[in-house]
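A.B. asks: This is a predicted model, with the sequence first.
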Amino acid sequence: MIDDLVVNAALCMLMTAAAIWTVVTVRLLRAAIGLALTSALLTIVMYRFGSPLAAAFELSVCAGLISVIFVSAITLTSRLSSDRLNQRESEVLRRFWFLPLLVIIAGVILYKTSIPIEIIAFEGKTAAQDDVRSIIWNTRHLDLIGQIAILLAGAIGVVLLFKERKHG
Amino acid sequence: MADSVYVFWLFGIFVALLAIVGFYCILITSNLIRTLIGMEIVTKAVTFLIILVGRSTGNTGLAQSFAITLIVVEVVVIVVASGVVISVFRRNGSIDVNLFRNLKG
């Protein structure tokens, strides 16, 4: 139990460090890679917390697809010159030097604070109620309809954004 | 149950830290792609919170279904927002919000 706790806490620390690196790094491409790393570490934590299906989604969609989208967006926007890159580096250092310090201070304060919380265990569940596939397909139809509607809205939105305008 | 409370509290700290990193990025940066990256980090904190609550209450099935819904919404938001960023770049030649003057009243 303790070993599990230590490994999970170490993974979460790595995940937080990866998120900080994502934000602090100067080049956008490195930031996209840092975000994929954060997603991959979150996937491991989710798997260890007993959520394998959501972990697989997180890995394939967030660490894979979203990274590809970010890399494409970065490629389609402008590349910085070396002068501008140096200027950006000092700007980023000036803006983000406080972040690691803030995270450490917030972590220590939250660890020392004790807010009374009560967790009510979910009781009387059957095996079918614990199976995510049965929940998605049998219990939460409305979520599925919402997901399909959102996917269609996203597809239509992208088509409209990239539609060539007729001039004249 | 005391063990569940301790685990929830311990890992809840990391949820809060991820949210702090994401919000800090959104508030400080003027680059649109970096803003999206900050939003992604905040969404990761929310995903982690859902899974953590599922583990603490022993209802991992429902938590996973919520997490999957959140991931689907997240990817659509990022796709559309990236499209908007690319359109803004084509129109203005920059993705720095400090340089935009088109909507200035």
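C.D. replies: Yep, that arrived.
A.B. asks: just the helices in chain A please.
C.D. replies: A:2-24, A:28-48, A:52-57, A:66-76, A:82-96, A:98-112, A:127-130, A:132-134, A:141-161 (DSSP state H).
A.B. asks: Next, the angle from the fourth one to helix A:28-48.
C.D. replies: What that stands for is helix A:66-76. 170 degrees (axes from the mean of the first three to the mean of the last three Cα atoms, to 10 degrees).
A.B. asks: which element follows the helix or strand of chain B with the lowest mean pLDDT toward the C-terminus?
C.D. replies: Ranked by mean pLDDT, DSSP states H and E, the weakest helix or strand in chain B is helix B:2-28, scoring a mean of 88. The first helix or strand that comes after helix B:2-28 along the chain, using DSSP states H and E, is helix B:32-57.
A.B. asks: Around B:Phe23, how many other residues sit close by?
C.D. replies: Neighbour count of B:Phe23, defined by other Cβ atoms under 10 Å in any protein chain shown: 15. Yep, even glycine has a C-beta here, placed from its N, CA and C like the rest.
A.B. asks: which non-adjacent residue is nearest it?
C.D. replies: Spatially, and ignoring its direct neighbours in sequence, B:Phe23 is nearest to B:Val42 (6.3 Å; Cβ to Cβ, 6 or more residues apart in numbering or on different chains).
A.B. asks: for the one you found, what are its contacts?
C.D. replies: By Cβ atoms under 8 Å, 6 or more residues apart in numbering or on different chains, the residues touching B:Val42 are B:18-19, B:22-23, B:26.
A.B. asks: What separation is there between it and B:Arg101?
C.D. replies: 29 Å (Cβ to Cβ, to the nearest Å).
A.B. asks: likewise A:Leu102?
C.D. replies: 32 Å.
A.B. asks: So between the two, which is more surrounded?
C.D. replies: A:Leu102 (15 against 7).
A.B. asks: can you give me phi and psi for B:Asp96?
C.D. replies: The phi/psi pair for B:Asp96 (degrees, to the nearest 10) reads phi -90, psi 120.
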